[in-house]
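**Student:** Have a look at this fold, sequence not included:
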């Protein structure tokens, strides 16, 4: 090293131009969260001020993240280095579209959580610091999404982990302590593995900046133990994300804390693991991740299947949702395993959908548990009758998490299945679809047991018109002859609940503004449904013309006619021939795809 | 020097993993403490072990005149020590609390959150 005088030229190590004003946006979400968290800790004893301070602050955080997303979308990735020291000296914050999208979704979820906590977290919970912990959690989450330095990523992981500990034990009940022990030890293990991998990475490359590492990893592919590093990172992030063999901390702990905390955890924490896996695996070590494709695919499939079958075995709705979080992680891992723009895009899209929908599902489950008095599936609720709006919202969320159109879960799943079929991984596509199907069963059971079914307390007022002679008609009971019985049992349950509601309303004198008798009511209902569906058609196709409206009316009429048995509950027998024909249709389609897929995969590789 | 460090790190990891596999929380805690130190040693060794010249730049100079130890791993270790110590203390308090509340430190008996023999979900409606 050369002896230097006091006039060393630092221009090679420093960013000499001042940071543009818009680029400060990169650091603002994190700094803002830490600032507000510190202020909230200062006013810790003035419990009333917490929510007043935190909710507008989180609102501003959402605005900041949205502005950041807009900035990144308009100008491309933005980098800012601390103290203007260039890497490898300075720590860099680098934001691209993925990070900004994740940060925005996280901000929205946190805002929703803060508002829901007004109702769910009592004064003692706030005195123990719910809102400061929430702000610091958001600092960690945002930092993890926005940083461009791998050791810094580790630090943000720890920040969000320690705040999550605080949130998890809020209330100090027996179950919470039990869950927190498992959560704490296993997550500590995961971050320690991450740290080991980071230390070895530094030993190999001599830098911690992700962009720098990516360049150096490309330059020296053979000398370096890249597979070891990648394996360690995959294990560490898989543990954080609750991937199959190391996911048992999640169902052990996620149902114990307060509802808002569960919702935030389900939305945020595991997705940070997935984000880190995408960031480190795909960006830094694409070659060695490619070699791990088979392992990752197996992990993805097993994660999905443990998730959905675990969900099927649960009695408690919150534990059921914990398993659904795991199955979602499996779908994202499938995307990562597939790689390529479609696979990664599908994984990112699925993660964004999952952040929002899982949080919403926990909120809905909490509201339903409060309305029904218990979160157990066995305690029959009849919530549809007392809270129809809540039941409808839950239904939408259930559709979304099961991946049914037109809700948000469907589209990323389409991307993933298409990517799997294009890449010649038909079994991955099949397990994605199977996971979706079993999720549908699990959520449908929750729907019919808790939301629609009549409670014991309603038994004497039961309307017996739609009760059938006892014929067990559930898939869960072992019937596997297709979706038809399930639909039918659902529709019958809906009809039963509706009829009961009508008769109750009549009895209590609370009459409908217009009284329809039988046939006229049905006609009216059909017309309204037809018009609504036609409007939907206009919205989907995006053109409003008379011809299109007529086409929409025709299509909705045909589709209503097709599902007429479900709309008007008419009992008919299962027609095996038709079912077989339907299966044949699917199989034929599949054959065609199979015969086509090898060529497409060859052209891709 | 590095091979000795590598062996030492290996021993630390082996002890830590052995303790972590225990049923009893107190042994797991000891494992966590040892694991943290093992990781610190890994980072230290990965920064290359050089002569014991502290990375301090003399007065009136911008760059050190002799080859010094690498300061970055030391900074990383400092961060890691702070974090692992805070985690260890949190987990220690949590374990103590769990022992008081659940009256056991055997993880096999910690079944409050996931009780044994739960009724199956409803199979018919």
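**Tutor:** Yes, it's here. Note that the structure is predicted; figures quoted are calculated from it, not measured.

**Student:** All the helices of chain B, in order from the start?
**Tutor:** Under the criterion DSSP state H, helices of chain B are mapped to B:2-20, B:25-46, B:71-102.

**Student:** out of those helices, deepest packed?
**Tutor:** Among the helices of chain B, ranked by average contacts under mean count of other C-beta atoms under 10 Å in any protein chain shown, first place goes to helix B:25-46 (a mean of 20). All C-beta spots, glycine's among them, are computed from the backbone N, C-alpha and C.

**Student:** Let's have the helices of chain B in CSV, adding distance to residue A:214 and mean pLDDT.
**Tutor:** Shown next, in CSV, are the helices of chain B (distance: least, C-beta to C-beta, whole Å; pLDDT from 0 to 100):
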stretch, distance to residue A:214, mean pLDDT
helix B:2-20, 27, 93
helix B:25-46, 19, 93
helix B:71-102, 19, 92
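
**Student:** Between the ones you listed, which one is closest to chain A.
**Tutor:** Among the helices of chain B, helix B:25-46 comes nearest to chain A, with 2.7 Å by C-beta to the nearest C-beta.

**Student:** Report whether stretch B:78-95 contacts chain A.
**Tutor:** Yes. For stretch B:78-95, a contact with chain A is found by C-beta under 8 Å from any C-beta of the partner chain, at B:79-80, B:83-84, B:86-87, B:90-91, B:94-95.

**Student:** Would you mind giving those residues as TSV with distance to residue A:331 added?
**Tutor:** Output for those, formatted as TSV (distance: C-beta to C-beta, whole Å):
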residue	distance to residue A:331
B:79	35
B:80	34
B:83	32
B:84	34
B:86	35
B:87	31
B:90	33
B:91	32
B:94	33
B:95	35
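
**Student:** give the contact list for the residue of chain A found nearest chain B.
**Tutor:** Residue nearest to chain B within chain A (C-beta to the nearest C-beta): residue A:203, separated by 2.7 Å. Taking C-beta atoms under 8 Å, 6 or more residues apart in numbering or on different chains, we find residue A:203 in contact with B:45-48.

**Student:** hmm, try it at 10 Å
**Tutor:** Taking C-beta atoms under 10 Å, 6 or more residues apart in numbering or on different chains, we find residue A:203 in contact with B:2, B:42-48, B:73.

**Student:** now, which of the residues of stretch B:78-95 next to chain A sits nearest residue A:62?
**Tutor:** Nearest to residue A:62 among those is residue B:83, at 28.9 Å by C-beta to C-beta.

**Student:** out of everything not next to it in sequence, what's closest to that closest one?
**Tutor:** Spatial nearest neighbour of residue B:83, excluding adjacent residues (C-beta to C-beta, 6 or more residues apart in numbering or on different chains): residue A:158 at 4.8 Å.

**Student:** Got phi/psi on that neighbour?
**Tutor:** Per-residue torsions, residue A:158: phi -70, psi -40 (degrees, to the nearest 10).

**Student:** I'd like the distance between it and residue A:231.
**Tutor:** As for residue A:158, its distance to residue A:231 is 22 Å (criterion: C-beta to C-beta, to the nearest Å).

**Student:** neighbour count winner among those two?
**Tutor:** A count of neighbours by other C-beta atoms under 10 Å in any protein chain shown puts residue A:158 above the other of residue A:158 and residue A:231, at 22 against 16.

**Student:** quick one on the thing from earlier: of the contacts of residue A:203, which are in range of chain A?
**Tutor:** Among these, the ones lying near chain A by C-beta under 10 Å from any C-beta of the partner chain are B:2, B:42-48, B:73.

**Student:** which stretches of the stretch 151-300 of chain A have low pLDDT?
**Tutor:** A:221 (pLDDT under 70).

**Student:** could you pull out the helices for it?
**Tutor:** A:174-205, A:210-219, A:226-241, A:249-253, A:259-277, A:286-291, A:293-312 (DSSP state H, counting those that start in this stretch).

**Student:** From residue A:440, how far off is residue A:388?
**Tutor:** 22 Å.

**Student:** So which of those two has more stuff around it?
**Tutor:** More crowded of residue A:388 and residue A:440, by other C-beta under 10 Å: residue A:440, with 20 against 14.

**Student:** which non-adjacent residue is nearest the more buried one?
**Tutor:** residue A:402 (4.2 Å).

**Student:** Run a quick check on that neighbour versus residue A:432, I expect a contact.
**Tutor:** No. Here residue A:402 does not reach residue A:432: they are 11.9 Å apart, not a contact under C-beta atoms under 10 Å.

**Student:** where does the stretch 1-150 of chain A dip in pLDDT?
**Tutor:** Applying pLDDT under 70 to the stretch 1-150 of chain A flags the ranges A:1-12.

**Student:** quick one: the strands in it?
**Tutor:** Under the criterion DSSP state E, counting those that start in this stretch, the stretch 1-150 of chain A carries strands at the ranges A:78-81, A:92-95.

**Student:** got those strands as CSV, with mean neighbour count columns?
**Tutor:** Shown next, in CSV, are the strands of the stretch 1-150 of chain A (neighbours: other C-beta atoms under 10 Å in any protein chain shown):
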stretch, mean neighbour count
strand A:78-81, 20
strand A:92-95, 22
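
**Student:** Next, the contact list for residue 56, please.
**Tutor:** Going with chain A. Residue A:56 makes contacts with A:36, A:111, A:114, as judged by C-beta under 10 Å, 6+ apart.

**Student:** that's the wrong chain, I wanted chain B
**Tutor:** Shown in contact with residue B:56 (C-beta under 10 Å, 6+ apart): B:64, B:68, B:71.

**Student:** Next, give phi and psi for it.
**Tutor:** Main-chain torsions, residue B:56, degrees, to the nearest 10: phi -120, psi 130.

**Student:** how many neighbours does residue A:420 have?
**Tutor:** 27.

**Student:** hmm, back to that, possible to save the helices of chain B as a markdown table with distance to residue A:550?
**Tutor:** Below are the helices of chain B laid out as a markdown table (distance: least, C-beta to C-beta, whole Å):
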| stretch | distance to residue A:550 |
| --- | --- |
| helix B:2-20 | 69 |
| helix B:25-46 | 69 |
| helix B:71-102 | 66 |
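
**Student:** Residue A:46: which of the ones you listed is closest?
**Tutor:** Proximity to residue A:46, assessed across the helices of chain B by C-beta to C-beta, is greatest for helix B:71-102 (25.7 Å).

**Student:** Great, nothing more from me.
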